[in-house]
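S.K.: please work out how this folds:
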Amino acid sequence: MKICALLLAALAIPALAADDAVIKAKPAAVLWQAPEKITLQDWIWGPGGQDKAPKPPYEFIEEDGNGTNAKIRVRDGAGNQWTVKFGGEIHSDVFAARMLNAMGYLAEPTYFVASGVVSGAHDLRRAKPFLEKDGRFYRARFKLRDKKSMAKVADQDWSWIDNPFAGSHELSGLKIMLMLMSNWDAKDSRDGKGSNTAIYSTKGSDSHLIYSFDDWGATMGKWGGFFKRDKWNPDGYTAQSKNFVTNVSGKGIRWGYQGKHGRDVTSGIAAADVAWLMTYLSRVTDADLQAGLRASGATEEQIQAYSSALRERITQLQKVSSTTVATAR
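M.R.: Sure, this is the predicted structure:
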């Protein structure tokens, strides 16, 4: 995803050091860029486009033991490396990438692959149930590992309350996107190695530090406590959509959302922030949503349920946005 030079953090002014060396300006911190016009093809192929889609044959590299879902790393026919995830998060990961891309937030090239064959797989543990003896698999999420253009900064992440974007439309917009897709797993730097926030560094002379929320597997289900929440559940997602926004008053906006750091996610969002996000979210059509859901591997029944529920939530945001216009008058 191409990130524009949006300066949202202070830059160090170049100055001469004692040894006459010039101190370079610090990379700008970026959370969001204005999205270009998103076409139906963008919803189908996501931020990587059709050209970057995984190309067989797939060659096994290693098993990835990170996270809670089974994953392996493979190299495709074009020489690109992918993290391949199996299990209950594959659809939500792919759909979320398309939603984020359409709104201007960082999303890595992510694809749903219905079936394929991985050659050379060996010594598998968690991933063993998902690959047959000949390496064939069914239903997987492929995420591109492109360290040449953008790399994750090791041991650096951020929290909802400690970041360079406090009070901005951009940060509030990301919070709304988290709630819109019912991502209850909002762990941040305060959760140590379990953090789902990340910072990426772009390569080249025009480098940036890109702040991102990096894990969208726990989405499109029910928010709530440990025994109530789930992921990729169209019935649960639909049921909670009626209470997506519970109240709007002079004291602010009340949300139905419950999740990790829920108070930090729901607080500080003004009607003006919602209006800002609606500038871009209002462009999304039902056909767009359905194309993105279909590309994520959703069934036709799931597509209809999710697109209707998403439209219900977007309509509620539109009503909140309209309060800004009414107040301005």
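S.K.: residue boundaries of the helices in the protein?
M.R.: Secondary structure of the chain (DSSP state H): helices located at 40-45, 90-103, 169-180, 234-241, 262-266, 271-281, 286-295, 300-328.
S.K.: who are the packing partners of the shortest one?
M.R.: Helix 262-266 makes packing contacts with helix 169-180 when contacts are defined by 3 or more Cβ pairs under 8 Å, 6 or more residues apart in numbering; DSSP states H and E. Every C-beta, even on glycine, is put in place using the N, C-alpha and C of the backbone.
S.K.: and the helix it packs on, C-alpha only, in PDB?
M.R.: What follows is helix 169-180, C-alpha atoms only, in PDB (Å, rounded to 0.1, in the frame of the first residue of the first chain):
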ATOM      1  CA  HIS A 169      -9.800  12.200  13.200                       C
ATOM      2  CA  GLU A 170      -7.400   9.400  12.000                       C
ATOM      3  CA  LEU A 171      -7.100   7.700  15.300                       C
ATOM      4  CA  SER A 172     -10.800   7.900  16.000                       C
ATOM      5  CA  GLY A 173     -11.500   6.600  12.600                       C
ATOM      6  CA  LEU A 174      -9.400   3.500  13.200                       C
ATOM      7  CA  LYS A 175     -11.300   2.900  16.500                       C
ATOM      8  CA  ILE A 176     -14.600   3.100  14.600                       C
ATOM      9  CA  MET A 177     -13.300   0.600  12.000                       C
ATOM     10  CA  LEU A 178     -12.300  -1.700  14.900                       C
ATOM     11  CA  MET A 179     -15.900  -1.500  16.300                       C
ATOM     12  CA  LEU A 180     -17.500  -1.600  12.800                       C
END
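S.K.: packing partners for that helix?
M.R.: Here helix 169-180 touches helix 90-103, helix 262-266, helix 271-281, helix 300-328, going by 3+ Cβ pairs under 8 Å, 6+ apart.
S.K.: buried ones in the shortest one?
M.R.: Within helix 262-266, the residues that qualify as buried by neighbour count (16 or more other Cβ atoms under 10 Å) are Gly262, Val265, Thr266.
S.K.: need the residues you listed in CSV with pLDDT and distance to Trp232, can you?
M.R.: Listed next are the buried residues of helix 262-266 as CSV, based on pLDDT from 0 to 100; distance: Cβ to Cβ, whole Å:
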residue, pLDDT, distance to Trp232
Gly262, 97, 20
Val265, 98, 20
Thr266, 98, 23
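S.K.: contacting residues for the residue nearest to Asp230 when sequence neighbours are not counted?
M.R.: Distances taken as Cβ to Cβ, 6 or more residues apart in numbering place Gly221 nearest to Asp230, at 4.1 Å, with adjacent residues excluded. By Cβ atoms under 8 Å, 6 or more residues apart in numbering, the contact list for Gly221 reads Ser92, Ser182, Arg229, Asp230, Lys231, Trp232, Asn233, Gly236, Tyr237.
S.K.: isn't the fourth one up against Gly236?
M.R.: What it means is Asp230. Yes. Between Asp230 and Gly236 there is a contact at 6.1 Å, judged by Cβ atoms under 8 Å.
S.K.: mind listing the shared neighbours of the two?
M.R.: Shared contacts of Asp230 and Gly236, defined by Cβ under 8 Å, 6+ apart, comprise Gly221, Lys222.
S.K.: any idea which of the helices of the chain gets closest to Gly135?
M.R.: Closest to Gly135 of the helices of the chain, according to Cβ to Cβ: helix 90-103, at 17.9 Å.
S.K.: just among the contacts of Gly221, which is most surrounded?
M.R.: Ser182 (29 neighbours; other Cβ atoms under 10 Å).
S.K.: gap between the closest residue to that one other than its chain neighbours and Gly252?
M.R.: Nearest residue to Ser182 in three dimensions, chain neighbours excluded: Trp223, at 5.0 Å (Cβ to Cβ, 6+ apart). Trp223 sits 19 Å away from Gly252, going by Cβ to Cβ, to the nearest Å.
S.K.: ok, Val117 - contacts?
M.R.: Pro56, Pro57, Tyr58, Asp134, Gly135, Arg136, Phe137.
S.K.: same check on Ile303?
M.R.: By Cβ under 8 Å, 6+ apart, Ile303 lies in contact with Gln290, Leu293, Arg294.
S.K.: ok, the last one - contacts?
M.R.: Arg294 makes contact with Ile44, Ile303, according to Cβ under 8 Å, 6+ apart.
S.K.: gap between it and Arg98?
M.R.: In terms of Cβ to Cβ, Arg294 sits 11 Å off from Arg98.
S.K.: what do you get for the first one?
M.R.: Gln290 sits 11 Å away from Arg98 when distances are taken as Cβ to Cβ.
S.K.: from the contacts of Ile303, which is closest to Ser282?
M.R.: Ranked by distance to Ser282 (Cβ to Cβ), the contacts of Ile303 are led by Gln290 at 17.1 Å.
S.K.: let me know whether the closest one touches Leu310 as I believe.
M.R.: No. Look at Gln290 against Leu310 with Cβ under 8 Å: they stay out of range, at 9.9 Å.
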